[in-house]
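Trainee: the sequence isn't on hand, but the structure is:
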């Protein structure tokens, strides 16, 4: 099936393989790692900075980022090979299950996604709100709550967790000055009742695979509906014969994508599917660790992604390129921006000190077959290329500043006719696979997240009554 979908886009496959070859030539062979990572011996000693920088919170087999080597892999598979030969559906299955599916497994998974894309009740609820007046990410987060109502019964009063089942959901009962014991799983969880009845269906299993499938299929439907409703238009129903990427394109634009458009969007989705313990992934996992469910966890990931320090950078890149105006203005703009010690949107990364491997693919994709582009799009791409050259020349040698995933992703989405306001929701559409995979993995050996704060306040203050203050 994947080969069939890629038959008409062999030029893109070659483009990705050329990007991989260039990366290996510049950095050296990617992937010279041991066969498997070493299991942790808890507790672990590590150097921690503000914001938990450098902290090791858990073990994971989902994805791996090597910033110094410019390497990204999902479940041990190099991102370049996944983009060249796989599809978003296959990659989602891989992230969730830990292995690539055979034909029968992939077909069954795709059939589930096809079924779960249809969410009439969720869309009716969404349309009852003034979505056209809302931030798109706020509307998306609300939509996931409506999904929870459609696919589960957990919002009913009788489904609320029983307080007498809990031993201790938090660990404040332990003096926080004590050293971590290094237990591999939570000691303070929920009592297991022998008489507890098994669930009759998957409807109330909001922390299992079916819930992950619902979200991977449903978040794109909600996102596309939001894109339409923001412009006063009615949502489109998904088409069962289209792929995941093609359906997203169709539901947003009302047009079936060309094979090239479908493949470009599919590659962009693969590149954004997972990326280590970033803020939104961590937010999702923290919520899940409280024994909440995956719908609420993904809603927390969306909320974290809404923050401008995490999501939205590619939208800012597009606005910046429009402000620069033309490639002739690039050199002066970069010089002035750096002189003011301001950041250039889309450059630099918290993890990578080399060229972001995702940007290595998205850059050529943005420029691919641009001879047929409008003059505005051509000007946007040429301006982006000139800005990249100027920034790299100025900063790459001393500070290792290179384009990150956001720099060209916005250009790619613009070429596909996607409104900049929908760039961050589209990020969530892709990342939901990584969020759910890491949540599903973590709750198998759950331990509630409970970092400490270093108290720097006063002690032994005397209380003064209000009439004496």
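Mentor: Nice, thanks for sending it over. Remember, predicted model here, so these are calculated numbers, not experimental data.
Trainee: can we go C-alpha only for contacts and neighbour counts from here?
Mentor: OK.
Trainee: which element is residue 297 on?
Mentor: According to DSSP states H and E, residue 297 maps onto helix 294-305.
Trainee: quick one: that helix to chain centroid distance?
Mentor: Centroid displacement of helix 294-305 relative to its chain, using CA atoms, centre = their mean, to the nearest Å, is 10 Å.
Trainee: where do the helices sit along the stretch 351-469 of the chain?
Mentor: Along the stretch 351-469 of the chain, the segments classed as helices by DSSP state H, counting those that start in this stretch run 357-367, 375-399, 405-415, 423-442.
Trainee: who's in contact with residue 465?
Mentor: By CA atoms under 8 Å, 6 or more residues apart in numbering, residue 465 lies in contact with nothing.
Trainee: which residues of the stretch 251-400 of the chain score low on pLDDT?
Mentor: Applying pLDDT under 70 to the stretch 251-400 of the chain flags the ranges 371, 396-397.
Trainee: please redo it, this time with the cut-off set to 90
Mentor: Per-residue confidence of the stretch 251-400 of the chain (counting by pLDDT under 90) places the weak regions at 291-292, 307-313, 343, 348-355, 367-375, 394-400.
Trainee: what do you get for the stretch 1-150 of the chain?
Mentor: Using pLDDT under 90 as the threshold, the predicted model of the stretch 1-150 of the chain has low-confidence ranges 1-5, 7, 24-57, 66-70, 149-150.
Trainee: quick one: the strands in it?
Mentor: Taking DSSP state E, counting those that start in this stretch, the strands of the stretch 1-150 of the chain run over residues 63-66, 71-74, 77-78.
Trainee: so what strands line up beside the shortest one?
Mentor: Note on strand 77-78: by DSSP bridges, its sheet partners are strand 71-74 (antiparallel).
Trainee: to residue 97, which of the strands of the stretch 1-150 of the chain lies closest?
Mentor: Using CA to CA as the criterion, the shortest distance between residue 97 and the strands of the stretch 1-150 of the chain is 11.5 Å, found for strand 71-74.
Trainee: if we can go back for a sec, in the helix or strand following the helix holding residue 297, what's buried?
Mentor: Remark: after helix 294-305, the chain's next helix or strand is helix 313-324, criterion DSSP H and E. Applying a neighbour-count criterion of 16 or more other CA atoms under 10 Å, the buried positions in helix 313-324 are 313-318, 321, 324.
Trainee: re earlier: quick check: angle from the helix holding residue 297 to helix 423-442?
Mentor: For the pair helix 294-305 and helix 423-442, the angle between their directions (axes from the mean of the first three to the mean of the last three CA atoms, to 10 degrees) equals 130 degrees.
Trainee: picking that back up, deepest of the strands of the stretch 1-150 of the chain, which one?
Mentor: Most buried of those by mean neighbour count (mean count of other CA atoms under 10 Å) is strand 71-74; its value is a mean of 24.
Trainee: who's in contact with that strand?
Mentor: By CA under 8 Å, 6+ apart, the residues outside strand 71-74 that reach it are 30-31, 62-66, 78-79, 94-95, 274-275, 357.
Trainee: so which of those comes closest to residue 337?
Mentor: Distance ranking of the contacts of strand 71-74 against residue 337, using CA to CA, places residue 357 first at 25.4 Å.
Trainee: related to what we said a few turns ago, mind checking which of the strands of the stretch 1-150 of the chain is nearest residue 8?
Mentor: In this view, these are compared for proximity to residue 8 by CA to CA, and strand 77-78 is the closest at 23.1 Å.
Trainee: distance of residue 97 relative to residue 419?
Mentor: In this structure, residue 97 and residue 419 are separated by 33 Å, where distance is defined by CA to CA, to the nearest Å.
Trainee: who has more neighbours out of those two?
Mentor: Regarding residue 97 and residue 419, a neighbour count based on other CA atoms under 10 Å identifies residue 97 as having more, with 16 against 13.
Trainee: before we move on, back to that, for residue 125, which of the helices of the stretch 351-469 of the chain is the nearest?
Mentor: Using CA to CA as the measure, helix 423-442 is the one of the helices of the stretch 351-469 of the chain that comes nearest residue 125, at 18.7 Å.
Trainee: name the helices or strands packed onto that closest one?
Mentor: Applying 3 or more CA pairs under 8 Å, 6 or more residues apart in numbering; DSSP states H and E, one finds that helix 423-442 contacts helix 88-97, helix 136-151, helix 209-229, helix 259-271, helix 279-289, helix 294-305, helix 313-324.
Trainee: re earlier: quick one, which of the strands of the stretch 1-150 of the chain gets closest to residue 6.
Mentor: strand 77-78 (18.4 Å).
Trainee: give me the distance between residue 409 and residue 272.
Mentor: From residue 409 across to residue 272, the span is 10 Å (CA to CA).
Trainee: which one of these two has more residues nearby?
Mentor: residue 409 (30 against 20).
Trainee: which residues touch the more buried one?
Mentor: Counted by CA under 8 Å, 6+ apart, residue 409 has contacts 268, 314, 359, 362-363, 366.
Trainee: and for residue 381?
Mentor: Residue 381 neighbours (CA under 8 Å, 6+ apart): 366-367, 411.
Trainee: out of those, who has the most neighbours?
Mentor: Of all the contacts of residue 381, residue 411 has the most neighbours under the rule other CA under 10 Å, reaching 27 neighbours.
Trainee: any chance of JSON lines for the helices and strands packed on helix 423-442, columns distance to residue 338?
Mentor: As requested, the helices and strands packed on helix 423-442 are arranged in JSON lines below (distance: least, CA to CA, whole Å):
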{"stretch": "helix 88-97", "distance to residue 338": "38"}
{"stretch": "helix 136-151", "distance to residue 338": "31"}
{"stretch": "helix 209-229", "distance to residue 338": "35"}
{"stretch": "helix 259-271", "distance to residue 338": "29"}
{"stretch": "helix 279-289", "distance to residue 338": "27"}
{"stretch": "helix 294-305", "distance to residue 338": "27"}
{"stretch": "helix 313-324", "distance to residue 338": "14"}
